[in-house]
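Asker: what's the 3D shape of this:
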Amino acid sequence: MGALIFYIAIYFIGFYGAYLLNQVVGRALIRNRRIAGLVLVLTVSMVHAYKIISSPPPHDHDDGAGYALGLYVIMPVAIIVIGVLYLMWQEGNDKDIS
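Answerer: As a prediction, the model looks like this:
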């Protein structure tokens, strides 16, 4: 649960960072803020996965790196990607109806 909240926070940092960048520049430099948020999430997840793989597991855990990758990186990122794709799909349907 903590990893999901962490990656959601990273997504919103990328989303609103793109918005602020567009406001500072004065034009639409980054057209799709949702994709900008996903790019930041994927970048942080790759660094997080590298950290999990390259460091030894704690002494009291018998779980391997694959379990940690699945629970703390792959699952939260997959949930965020599915949510963003759903919102983009809904936004596309709303434009078609109007």
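
Asker: any idea how far the residue nearest the centre of the chain lies from I82?
Answerer: The residue lying closest to the centre of the chain (Cα atoms, centre = their mean) is V41, at 2.9 Å. The gap separating V41 from I82 is 12 Å, by Cβ to Cβ, to the nearest Å. For every residue, glycine as well, the C-beta is placed using N, CA and C.

Asker: so D62: helix, strand or coil?
Answerer: For D62, the assignment made with DSSP: H, G, I helix; E, B strand; the rest coil gives coil.

Asker: scratch that, R31
Answerer: coil.

Asker: tell me how many other residues crowd it.
Answerer: For R31, the count of nearby residues is 9 (other Cβ atoms under 10 Å).

Asker: likewise for Y19?
Answerer: 14.

Asker: name the nearest residue to it, ignoring sequence neighbours.
Answerer: Take Y19 and drop its neighbours on the chain: the residue closest to it by Cβ to Cβ, 6 or more residues apart in numbering is R33, 5.8 Å away.

Asker: and that neighbour, what is it in contact with?
Answerer: G14, F15, Y16, A18, Y19, N22 (Cβ atoms under 8 Å, 6 or more residues apart in numbering).

Asker: check which helix or strand covers the second one.
Answerer: Assigning secondary structure by DSSP states H and E places F15 in helix 2-25.

Asker: helices and strands around that helix, which ones?
Answerer: Here helix 2-25 touches helix 33-54, helix 75-97, going by 3 or more Cβ pairs under 8 Å, 6 or more residues apart in numbering; DSSP states H and E.

Asker: hey, which of these is tucked in deepest?
Answerer: Ranked by mean neighbour count, these are led by helix 33-54 with a mean of 16 (mean count of other Cβ atoms under 10 Å).

Asker: where does this structure dip in pLDDT?
Answerer: Where the chain drops to pLDDT under 70, the residues are 96-98.

Asker: let's see it at 90
Answerer: Applying pLDDT under 90 to the chain flags residues 1, 28, 55-66, 91-98.

Asker: phi, psi of L29?
Answerer: phi -80, psi -40 (degrees, to the nearest 10).
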